[in-house]
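Chemist: Return a 3D structure for these sequence lines:
(chains A and B)
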Amino acid sequence: MSAASGATSPCAATSPYRSAPLIVVQGVTKRYDGEPALADVSIAIARGEFAFLIGTNGAGKTTLLRILLREEAFDSGVVLVNGVDVSRIRGAALTKFRRRIGVVFQDTRLLPNATVRENVGLPLQVRGRANREIDLAVDDVLDRVALSDKSERFPRQLSGGEQRKVALARAVISKPDVLLCDEPTDSINPTHAREIMGLLLEINSDGVTTLVATHDSEIVNNLRRRVIRMDAGAILADEPVGVFSAT
Amino acid sequence: MTAKLNVLRYILGAAMLGLWRNRTMTLGAIVTTAVMLVTLAAFLAINDTLNEMVTALGRKSNLIAYVRDDARPSRVTEIMRDLEQRPGVGEVVFVTKEDALRTFQERFFDQRDVIDILQANPLPASVELRMDDPAVLPGLADELRGMTEVFESVAVPLDVVERLISISNVSRAAGTAMIIALTGVALFVIANTIRIAVYARRQEIEIMKLVGATDWFVRGPFLIEGAFIGLVGATLAAVALVVLYLQAAPTVTRIISFLPIATDVSFVRNLAVFIILVGLVVGSIGSYVSVRRYLAV
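Modeler: Numbering: from 1, shown residues only, chains lettered A, B, ... in the order given. Just a heads-up that it's a prediction; the model follows:
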């Protein structure tokens, strides 16, 4: 087990890749009503890397993902995603920035009054793509997540696992540089969980940098990928090939 | 350019879908808008009738300037022309000496003794003014009194005039205050209804922003939906108003014949157009403002 990377340069953090990091988090601190959510967190994720963020509830995983998407501001430190200083982007630049990031939210955040097809196609709609192009891309990605037969259903008509797959399809349809997933296998059956993890690996193999926050020990232990362990808002450990049980 | 057209097409489609898929909320907002605008329009009509009543009462107040026998007719004509142009003056009538005598005889036809005493016609000719606005009467009377070469005396029922001015002022001030208050309430209720409709869909706004939508992409459908709700609600209110007005006004006028209710088409049409515009503007602005607070994601 390596030492927590908080004290060292994030660029020198353990990584199987030699390329420049796509995500750099350096000395980031975030407080909610005076309570620390992140305390001097530093990590670096290389382009094309797959990493798990693990930890119990309240460890700071979701806060860190929200900061990477610039959904949340932070109190101090530096966050660079694809060379962009996240704390400085506003307006049109923020819109452009978010178009390069795919996200699977913990609560999926699908549009309740939109069909699966409309939800998945949304990232392309916001870019002003033609309907025919969107339809082709949606068909392709729904085929990939095995939901082609449910394209006209509404989210409430799907199981939890299917909703996660729709959220994943929406996250990757625009071929983002980075994929952030917050508990993608939470509260779903093991079959769906394995399917989703298989899809994440497949997407990662296409070169999409993937960061997955989870407390699903089975998934982490089986995949044998980089594990960044968090607790109480701090990085406890950063292991190139980690296992969940190793605390 | 193509991307912008695609976005525009999406916004229009999303607005129509949004209205349909949130139809309970849409219907509620439309009904609320219609009810508030009918109330506002009804009050505007009542206020207009009250103002007309006061103006009609004002028309009953006259000023009579008695013309000297030796006054030059051309000068009298010149003054009458000038008076006709004055604001607040409704009608200017010249009553000749003969007309005055005839009126006198008609009024006192049962008192032959009084009439027989009159050897010659002692009654002066006069200029009578019927007013639209009684407030200008006192000033006008003073002005005419100053023309001593033309008028021998000027008669004004000052106590009546003062009372009319007072009633007119109170009625207009109260009417204006009520209209401002009711307009404020109507706008608040309509905007709030739209705000609640937007609040119910705030998560949609947040999601769209997080997948990289621009503010206008998010705002567009809501803006169209708000305008649609305002327009349909106001159109329903306008139709209800026209039907009610055209049905009720003749009956009310027949029962209370002294009420000067405006039953002409142009009044109702203008009122209907006004409330449709109000609905459209409030619906659009209400949506714009409501969405704005959720865009800061």
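
Chemist: Show me how the record splits chain B into domains.
Modeler: B:2-56+B:168-292, B:62-156 (automatic domain parsing).

Chemist: Nearest to chain A, out of these?
Modeler: Among these, domain B:2-56+B:168-292 comes nearest to chain A, with 3.0 Å by C-beta to the nearest C-beta. For the C-beta atoms, the positions are set from N, CA and C on the backbone; glycine is no exception.

Chemist: average pLDDT for the closest one?
Modeler: When pLDDT is averaged over domain B:2-56+B:168-292, the result is 83.

Chemist: From A:Arg132, how far off is A:Asp139?
Modeler: 11 Å (C-beta to C-beta, to the nearest Å).

Chemist: can you list the domains of chain B in JSON lines and add distance to chain A and mean neighbour count?
Modeler: Formatted as JSON lines, those follow (distance: least, C-beta to the nearest C-beta, whole Å; neighbours: other C-beta atoms under 10 Å in any protein chain shown):
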{"stretch": "domain B:2-56+B:168-292", "distance to chain A": "3", "mean neighbour count": "18"}
{"stretch": "domain B:62-156", "distance to chain A": "55", "mean neighbour count": "15"}
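
Chemist: of those domains, which approaches A:Asp206 most closely?
Modeler: domain B:2-56+B:168-292 (19.3 Å; C-beta to C-beta).

Chemist: Neighbour count for A:Asp139 and A:Arg132, which is higher?
Modeler: Legend: neighbour count by other C-beta atoms under 10 Å in any protein chain shown for A:Asp139 and A:Arg132, higher for A:Asp139 (14 against 8).

Chemist: what's the neighbour count on the closest residue to that one other than its chain neighbours?
Modeler: Closest residue to A:Asp139 apart from its sequence neighbours, by C-beta to C-beta, 6 or more residues apart in numbering or on different chains: A:Ser148 at 6.9 Å. Applying other C-beta under 10 Å, we find 14 residues neighbouring A:Ser148.

Chemist: Can you give me the pLDDT of A:Ser148?
Modeler: At A:Ser148, pLDDT is 95.

Chemist: Next one: A:Gly198 relative to A:Leu168, how far apart?
Modeler: Taking C-beta to C-beta, one finds A:Gly198 at 11 Å from A:Leu168.

Chemist: which of those two has more neighbours?
Modeler: Applying other C-beta under 10 Å to A:Gly198 and A:Leu168 shows that A:Leu168 carries more neighbours, namely 27 against 11.

Chemist: Next, count neighbours for the closest residue to the more buried one other than its chain neighbours.
Modeler: Excluding its sequence neighbours, the residue lying closest to A:Leu168 (C-beta to C-beta, 6+ apart) is A:Val104, at 5.3 Å. By other C-beta under 10 Å, 26 other residues sit near A:Val104.

Chemist: Please verify my assumption that A:Val104 contacts A:Asp186.
Modeler: No. Proximity of A:Val104 to A:Asp186 does not meet the contact threshold set by C-beta atoms under 8 Å, at 10.5 Å.

Chemist: The residue nearest to A:Leu168: what's it in contact with?
Modeler: A:164, A:167-168, A:171, A:179-182, A:184 (C-beta atoms under 8 Å, 6 or more residues apart in numbering or on different chains).

Chemist: In helices only, show me those residues.
Modeler: Under the assignment DSSP state H, the contacts of A:Val104 contribute A:164, A:167-168, A:171 to helices.

Chemist: Follow the chain on from the longest helix along chain B and name the next helix or strand.
Modeler: Counting residues, the longest helix found in chain B (DSSP H) is helix B:158-200. For helix B:158-200, the succeeding helix or strand toward the C-terminus, using DSSP states H and E, is helix B:202-210.

Chemist: what's downstream of that next one, the next helix or strand?
Modeler: Heading C-terminal from helix B:202-210 (DSSP H and E), you reach helix B:215-255.

Chemist: now that next one against helix B:202-210, angle please.
Modeler: 150 degrees (axes from the mean of the first three to the mean of the last three C-alpha atoms, to 10 degrees).

Chemist: Mind giving me the packing neighbours of helix B:215-255?
Modeler: The contact analysis (3 or more C-beta pairs under 8 Å, 6 or more residues apart in numbering or on different chains; DSSP states H and E) places helix B:215-255 against helix B:2-21, helix B:23-59, helix B:158-200, helix B:202-210, helix B:265-292.

Chemist: State the pLDDT value of A:Glu49.
Modeler: pLDDT, read off for A:Glu49, is 94.

Chemist: Relative to chain B, how far out is it?
Modeler: 23 Å (C-beta to the nearest C-beta, to the nearest Å).

Chemist: again, but for A:Val141
Modeler: 14 Å.

Chemist: Now the residue nearest to A:Asp139, what are its backbone angles?
Modeler: Backbone torsions of A:Ser148, given as degrees, to the nearest 10, read phi -60, psi -30.

Chemist: A:Thr56 contacts A:Asp231, doesn't it?
Modeler: Yes. A:Thr56 lies in contact with A:Asp231 (C-beta under 8 Å); the separation is 7.0 Å.

Chemist: These two: which has the busier surroundings?
Modeler: Counted by other C-beta under 10 Å, A:Thr56 and A:Asp231 do not tie: A:Asp231 has more neighbours, with 16 against 10.

Chemist: Distance check, the more buried one against A:Leu64.
Modeler: 13 Å.

Chemist: B:Met80 against B:Val89, yeah?
Modeler: No. Using C-beta under 8 Å, B:Met80 makes no contact with B:Val89, being 10.3 Å away.

Chemist: I'd like the helices and strands packed on helix B:215-255 written out as CSV, with distance to A:Ala213 added.
Modeler: CSV is the format used below for these (distance: least, C-beta to C-beta, whole Å):
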stretch, distance to A:Ala213
helix B:2-21, 31
helix B:23-59, 35
helix B:158-200, 29
helix B:202-210, 16
helix B:265-292, 30
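
Chemist: Which single residue of chain A ends up nearest chain B?
Modeler: For chain A, C-beta to the nearest C-beta, closest residue to chain B: A:Gly128, 3.0 Å.

Chemist: Might you report the residue contacts of A:Asp130?
Modeler: Rather than Asp, residue A:130 is Ala. By C-beta under 8 Å, 6+ apart, the neighbours of A:Ala130 are B:2, B:6.

Chemist: Under the pLDDT cut-off, which ranges of the stretch 51-200 of chain B? List them.
Modeler: B:57-61, B:112, B:115, B:118-119, B:161 (pLDDT under 70).

Chemist: what distance separates stretch B:34-54 from the centre of its chain?
Modeler: Relative to its chain's centre, stretch B:34-54 lies at 8 Å (C-alpha atoms, centre = their mean, to the nearest Å).

Chemist: Dump that stretch to PDB, restricted to CA.
Modeler: The C-alpha trace of stretch B:34-54 is given here as PDB (Å, rounded to 0.1, in the frame of the first residue of the first chain):
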ATOM      1  CA  ALA B  34     -57.800  33.300 -16.700                       C
ATOM      2  CA  VAL B  35     -59.600  33.900 -13.400                       C
ATOM      3  CA  MET B  36     -57.200  36.600 -12.300                       C
ATOM      4  CA  LEU B  37     -57.400  38.400 -15.700                       C
ATOM      5  CA  VAL B  38     -61.300  38.200 -15.800                       C
ATOM      6  CA  THR B  39     -61.300  39.800 -12.300                       C
ATOM      7  CA  LEU B  40     -58.900  42.500 -13.400                       C
ATOM      8  CA  ALA B  41     -60.900  43.200 -16.600                       C
ATOM      9  CA  ALA B  42     -64.200  43.200 -14.700                       C
ATOM     10  CA  PHE B  43     -62.800  45.800 -12.300                       C
ATOM     11  CA  LEU B  44     -61.400  47.900 -15.200                       C
ATOM     12  CA  ALA B  45     -64.900  47.900 -16.700                       C
ATOM     13  CA  ILE B  46     -66.600  48.900 -13.400                       C
ATOM     14  CA  ASN B  47     -64.000  51.600 -12.900                       C
ATOM     15  CA  ASP B  48     -64.600  52.900 -16.400                       C
ATOM     16  CA  THR B  49     -68.400  52.900 -15.700                       C
ATOM     17  CA  LEU B  50     -67.800  54.900 -12.500                       C
ATOM     18  CA  ASN B  51     -65.700  57.400 -14.300                       C
ATOM     19  CA  GLU B  52     -68.300  57.800 -17.000                       C
ATOM     20  CA  MET B  53     -70.900  58.400 -14.300                       C
ATOM     21  CA  VAL B  54     -68.900  61.100 -12.800                       C
END
